[in-house]
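1. Okay, sequence plus prediction incoming.
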Amino acid sequence: MRKKLTLVLVTLLALFLLVGCSTQQEAAVQKEGQTSQNNTETLKIGIAKEPANLNPVLISGLYGESLAGNIFDTLVSFKENSAKASPALAESWEINKAGTEYTFYLRKGVNFHNGDKLTADDVKFTLEAIMNPENASPSKEFFEPVKMIEVIDDYTVKITLKNPYSPFMMALGNPTAGIIPKKVVEKIGMDEFDRNPIGTGPFKFAEWIPDDHIKLVKNKDYFLAEPNLDEVIYRPIPKAEVMAAEIQAGGIDIASDLLPQDIKKLSQDDSLVVKTVSGLSLKYVGFSAQIKPFSDVRFRKAVYYAVPIDDVVQGIFGDTGDRAYSWIPPSVFPDDNEYMKAHALKQNEDKAKELFAQLKAEGILKDGFEFSIYSPQDPYRKKVATAIATELKSYGLNAKVEALEWGTLLPLLKKGKAGIYIMGWGSVPDPDRWTYKIFHTGSAMNFSKYSNKVVDQALEQGRRLVGSDKRGTEYKKAMRKALVKDYIHIPLAFTNVTTVMNKNVEGFEPSPQGYFHLVTDKRNVTIK
Amino acid sequence: MLNYILRRLLILIPILIFISLFIFVIIKLTPGDPALVLLGERATEQALNQTRIKYGLDQPLHIQYFKMMENFFKGDLKSINYKQNVISVIINRLPATLELGAAALVIAIIVSIPAGIISAIKRNSVFDYISMSIALLGISIPVFYTGIILMYIFAVKLNWLPASGYGGHIWTTEGFKYFILPAISLSFVLMASTTRLTRSSILEVIQEDYIRTARAKGVKEKSVILIHAFKNALVPIVTNIGNQVAGIFAGAVLTETVFAWPGVGRLAVNAIFRRDEPLVFGCVIFLSAVYVIVNLIVDLVYTLINPQITYD
């Protein structure tokens, strides 16, 4: 018995050591960048969250869009972060003077990953799928102005709008408008296509092991260039600390969504490169326009006066973001930061006290009034909520912080039940996409239930003025009214996108939207 | 015996019906909207309504419950997120969790039972103090912390093992190395309670008259402890291990999240976060059934350990 036990233990120990040694060697090889056993160039990207699906018609959220951007192509491209559309699946296009008719001439010889030819039918099918209420596409709103889509011939498609709509090209260039194959989707159905996508992009979908990885393999026939990478593996790693450990251990080549303290530590590692770009993302404090006392502009101003926003932003966001005064980032047309900065409120205890006293005297702010400041569970926004609650407590207000998980917070915000909330918004470089959904009456992300005629009219006018500088004036008008007259939100910080990558990764640049563009007309990511 | 087993399995039916009702109520009381989580913050009210209709979330609650039960037993209950049958989603994830749990359990048993026995024999010795302190730490330190520390030492600093992820089945070389860190992390919690329980059970048994008799007969001390004492101390230890086997599914949630492990625990947690109601429902019913069956197995194992226990 004893001998047998000893034998079993010795065998186990030997096995452990054997595997340990082989692992050590393999890990060392991995760190040198030869990320796979059979010399295939594999890029491993760590993502904080797994997307719900990879069907452009249905994707919502950054990771879905980011992955879909490598599987699908859009008619036009904004991949290199320009506000100007570049050719993609459409080689060229014409827009009539009224801005209501768009004719796209498709690139010939583009095939889907299953070998089918891309034609105008697929374009019409995709856009109609987004517009079809039965599919419940989150992007449907962007295609609301579309009146008719006509297939002129195999490679020409004409889209007629009900009225001019300036952000239309931006809607067409977003990964949520990636062109899907009509024949395949009609055959297998939308639900099946969600997790078995077929596009025309640089990488083909290969496999999806839920919560483990999503694997893409190169599309050798990609019309822009054959990708240098053979495979791309996206690994969902929910814990930021583990993401940091993985990039150091060589388990992934690109890490995102890292904590500031980890970024600092990783920047000292010689085998890694830290790249930061100004992001297209804003964090803000929002107020309810319906619930008292938040609906009273004096209360909102009092909070603005009470909280040292500059210090809060500097203390919490540090190097990961810059103080925002305007709603639209300085890099996006129209830049109104100077005006907004000049009109932003600065901390002023006396004015805060005076306004709170006025509200109390009028019975709008009741003695002992208790309220919550809502935020998601991300560490930055939770800290902002805590800082504001702490400041307001010194004015005798009973503010508490409720950092809720997304599934609980979202319905609360959608129903307009949050008095004060800390939220974020990020979008493509177009002023409409930055503003309309947040400020227009009844819009999907108008969590404040804010409604103002001047703002609504300006935003509507901004949509109609295609390609005109007058557009800028409209957005400035809307934002000035909402932010420095009504103070419905306090912009906090435009946050940066920081990516940490293995030194061996070449040609990768983080995108301001947080996308992972691997093959475009200007880049083709490779591993040395 | 067969009657007993059949009776216990029949009891499973009302238990599962009660649990299904209970979990359905909990799901519906949890704030959140599956359609909203699925479509995201950009979704319009029209799109949300369409999604609610698609998944039957617009129906009265009692109809939703019966539909969910009917679909579950017919094997047609589909996850909102995965668009697949919940049973097949769970079964796909099962090997990763079972193998991790089994590995952790084996490590825990190999370490904790000898440690508990030695601590009992050498009560109040340095070994006893050290092993009990380690056991206390094992219970107190969350897996999250242990996991990160192990990851930092063995993956980042020494570069011996992968930091996280799943590399395949445990019996493959590639898969085995991915198992080591999460299995050790998970085993800490199991180890701690088993060591303490083994120690106290042995201490209790060695006070018994039959141990004194055995010693008086001149039986060697090793035999006294390993045969006479240990065998009699086994019932509570087996109960504890049995509870842990069932609890592994729940206990693995943290380990699986930390190590990005694609198991059932992480599936259940993600289903809750995504408000994937059918999947939460399926996971809970499935895990409850596992719990009940493992308890039954533990009860049957008692009869092997102690012939005095009989269910006839």
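-> That came in fine, so what should we check first? Numbers count the residues shown, from 1 in each chain, chains lettered A, B, ... in the order given.

2. How confident was the prediction at A:Val484?
-> With respect to pLDDT, A:Val484 scores 93.

3. actually B:Ile27, sorry about that
-> 89.

4. so how many other residues sit close to it?
-> By other C-beta atoms under 10 Å in any protein chain shown, 21 other residues sit near B:Ile27. Every residue, glycine included, has its C-beta placed from N, CA and C.

5. how is chain A carved up into domains?
-> What the record gives for chain A is the domain set A:62-195, A:203-277+A:497-527, A:281-495, from automatic domain parsing.

6. Ends of the shortest one, what's the gap?
-> Read it as domain A:203-277+A:497-527. The first residue of domain A:203-277+A:497-527 is 16 Å away from its last residue (C-alpha to C-alpha, to the nearest Å).

7. Mind checking the pLDDT average for that domain?
-> On average, domain A:203-277+A:497-527 scores 91.

8. With the first one instead?
-> Per-residue pLDDT values over domain A:62-195 give a mean of 91.

9. Counting neighbours, what do you get for B:Gln179?
-> Heads up, residue B:179 is Phe, not Gln. By other C-beta under 10 Å, neighbour count at B:Phe179 equals 27.

10. tell me the contacts of it?
-> By C-beta atoms under 8 Å, 6 or more residues apart in numbering or on different chains, B:Phe179 lies in contact with B:99-100, B:103, B:170.

11. my read is it is in a helix, agree?
-> Yes. Assessed by DSSP: H, G, I helix; E, B strand; the rest coil, B:Phe179 belongs to a helix.

12. What separation do you get for B:Tyr145 and B:Gly165?
-> 20 Å (C-beta to C-beta, to the nearest Å).

13. the more surrounded of these two?
-> B:Gly165 (22 against 12).

14. Please report how far the nearest residue to the more buried one once chain neighbours are set aside lies from B:Phe154.
-> Closest residue to B:Gly165 apart from its sequence neighbours, by C-beta to C-beta, 6 or more residues apart in numbering or on different chains: B:Ala260 at 5.4 Å. The gap separating B:Ala260 from B:Phe154 is 16 Å, by C-beta to C-beta.

15. Likewise for A:Tyr102?
-> A:Tyr102 is 57 Å from B:Phe154, where distance means C-beta to C-beta.

16. And these two? Which one has more around it.
-> Counted by other C-beta under 10 Å, A:Tyr102 and B:Phe154 do not tie: A:Tyr102 has more neighbours, with 23 against 20.

17. what's near enough to touch the more buried one?
-> With contact taken as C-beta under 8 Å, 6+ apart, A:Tyr102 is in contact with A:93-95, A:158-161, A:168-169.

18. what sits opposite it in the beta ladder?
-> A:Ile95, A:Ile159 (DSSP bridges).

19. how many other residues sit next to the residue lying closest to A:Asn337 once chain neighbours are set aside?
-> Distance criterion C-beta to C-beta, 6+ apart; nearest residue to A:Asn337, sequence neighbours excluded, is A:Ser326 at 4.7 Å. Per other C-beta under 10 Å, the neighbour tally for A:Ser326 reads 27.

20. ok, back up a step: could I get the domains of chain A as TSV with distance to B:Lys67?
-> Shown next, in TSV, are the domains of chain A (distance: least, C-beta to C-beta, whole Å):
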stretch	distance to B:Lys67
domain A:62-195	18
domain A:203-277+A:497-527	25
domain A:281-495	22
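
21. need the contact list for the residue nearest to B:Gly165.
-> A:211-212, A:235-239, A:242, B:164-166.

22. Enumerate the residues of the stretch 1-150 of chain B near chain A.
-> B:30-33, B:35-48, B:50-51, B:54, B:81-83, B:89, B:92-93, B:144, B:148 (C-beta under 8 Å from any C-beta of the partner chain).

23. Just those: which are in helices?
-> B:35-39, B:45-48, B:50-51, B:54, B:89, B:92-93, B:144, B:148 (DSSP state H).

24. of those, buried ones?
-> With neighbours counted by 16 or more other C-beta atoms under 10 Å in any protein chain shown, these contain buried members at B:35-39, B:47-48, B:50-51, B:54, B:89, B:92-93, B:144, B:148.

25. And the helix or strand bottoming out on mean pLDDT in chain B, what does it pack against?
-> One helix or strand of chain B scores below all others by mean pLDDT, DSSP states H and E: helix B:230-258, with a mean of 80. Applying 3 or more C-beta pairs under 8 Å, 6 or more residues apart in numbering or on different chains; DSSP states H and E, one finds that helix B:230-258 contacts helix B:86-121, helix B:143-150, helix B:173-205, helix B:264-273, helix B:277-305.

26. what angle do that helix and helix B:264-273 make?
-> Orientation of helix B:230-258 against helix B:264-273 (axes from the mean of the first three to the mean of the last three C-alpha atoms, to 10 degrees) gives an angle of 50 degrees.

27. can you give me how far helix B:230-258 is from the chain middle?
-> Distance, stretch centre to chain centre, for helix B:230-258: 7 Å (C-alpha atoms, centre = their mean, to the nearest Å).

28. and A:Lys275, how many neighbours?
-> Neighbours of A:Lys275 using other C-beta under 10 Å come to 13.

29. And stretch B:165-183, what's buried?
-> For stretch B:165-183, burial by neighbour count (16+ other C-beta under 10 Å) applies to B:165-168, B:170, B:175-183.

30. now the residues you listed as JSON lines including pLDDT and distance to B:Pro278?
-> As requested, the buried residues of stretch B:165-183 are exported to JSON lines (pLDDT from 0 to 100; distance: C-beta to C-beta, whole Å):
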{"residue": "B:Gly165", "pLDDT": "91", "distance to B:Pro278": "27"}
{"residue": "B:Tyr166", "pLDDT": "92", "distance to B:Pro278": "25"}
{"residue": "B:Gly167", "pLDDT": "88", "distance to B:Pro278": "30"}
{"residue": "B:Gly168", "pLDDT": "87", "distance to B:Pro278": "29"}
{"residue": "B:Ile170", "pLDDT": "88", "distance to B:Pro278": "30"}
{"residue": "B:Gly175", "pLDDT": "89", "distance to B:Pro278": "30"}
{"residue": "B:Phe176", "pLDDT": "92", "distance to B:Pro278": "35"}
{"residue": "B:Lys177", "pLDDT": "91", "distance to B:Pro278": "35"}
{"residue": "B:Tyr178", "pLDDT": "93", "distance to B:Pro278": "30"}
{"residue": "B:Phe179", "pLDDT": "93", "distance to B:Pro278": "31"}
{"residue": "B:Ile180", "pLDDT": "93", "distance to B:Pro278": "35"}
{"residue": "B:Leu181", "pLDDT": "93", "distance to B:Pro278": "33"}
{"residue": "B:Pro182", "pLDDT": "92", "distance to B:Pro278": "28"}
{"residue": "B:Ala183", "pLDDT": "92", "distance to B:Pro278": "31"}
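
31. Of those residues, just say which sits nearest to A:Tyr284.
-> Ranked by distance to A:Tyr284 (C-beta to C-beta), those are led by B:Gly165 at 35.9 Å.

32. Look up phi and psi at the closest one.
-> Recorded main-chain torsions at B:Gly165 are phi 100, psi 180, according to degrees, to the nearest 10.

33. Spit out the contact partners of it.
-> B:Gly165 neighbours (C-beta under 8 Å, 6+ apart): A:212-213, A:235, A:251, B:178, B:259-261.
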